[in-house]
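K.L.:
how does the following fold in three dimensions:
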Amino acid sequence: MNMRRDLNKWMVILIIAAIVVAAVLFVIIPNLPQSTTNVRLGDGIFRAQVAQTDFSREKGLSGVPSLSPDQALLMIFPVADKWPIWMKDMKVPIDIIWLDGNKKVVYIVKNAEPPGDSTPQTFTPRTSAKYVIELPAGTVSSKAITSDSVASFQFDEGGVK
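P.N.:
The predicted structure is shown next:
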């Protein structure tokens, strides 16, 4: 009887431990640092955080208090489409650039401001894009980025979801 009670206690402890480990992994894994790459666009070179998963693209730059002039977010989508970008929980204004599969600029929004109320604004390109780059506001003008610009960057597309 004692042996059975001890076995039951250990089973309960193991189940609780498994639940705790699963919960910790559920919180930690999506928040692990994302990969980075250098992006050349216009007259600029930017250190871009790469967002290849649904979670990382949705999070974007939400909550980031400031951006350095060479900081960027590169969102990589699984297919070309008219991917909308929203300003949920944004703290800083940004320039948003959509690129086609050949990394050519197809649409630009300059100085997208964080929402003044609780309703985030959404920006949608007129044509399909495979990539979106978010940069500090004013970068498009200061780095001569135009609709004729072509970006240069490398990444591992194996993680795109």
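
K.L.:
against which helices or strands is the biggest strand by length in the chain packed?
P.N.:
In terms of residue count, the longest strand belonging to the chain (DSSP state E) is strand 71-81. Packed against strand 71-81 by the contact rule (3 or more C-beta pairs under 8 Å, 6 or more residues apart in numbering; DSSP states H and E) you find strand 36-41, strand 44-51, strand 129-136. Yep, even glycine has a C-beta here, placed from its N, CA and C like the rest.

K.L.:
OK, contacts around the residue lying closest to Asp81 once chain neighbours are set aside?
P.N.:
Leaving out its chain neighbours, the residue that sits closest to Asp81 by C-beta to C-beta, 6 or more residues apart in numbering is Ser128, at 5.4 Å. The contact partners of Ser128, by C-beta atoms under 8 Å, 6 or more residues apart in numbering, come to Ala80, Asp81, Lys82, Asp100, Val106.

K.L.:
repeat for Ala129
P.N.:
By C-beta under 8 Å, 6+ apart, Ala129 lies in contact with Phe77, Ala80, Asp81, Lys82, Trp83, Trp98, Leu99, Asp100, Val106, Tyr107.

K.L.:
what about 10 Å?
P.N.:
Applying C-beta atoms under 10 Å, 6 or more residues apart in numbering to Ala129 gives the contacts 75, 77, 80-83, 97-101, 104-107.

K.L.:
which among these end up buried?
P.N.:
Among the contacts of Ala129, the ones that count as buried by 16 or more other C-beta atoms under 10 Å are Met75, Phe77, Ala80, Trp83, Ile97, Trp98, Leu99, Asp100, Val105, Val106, Tyr107.
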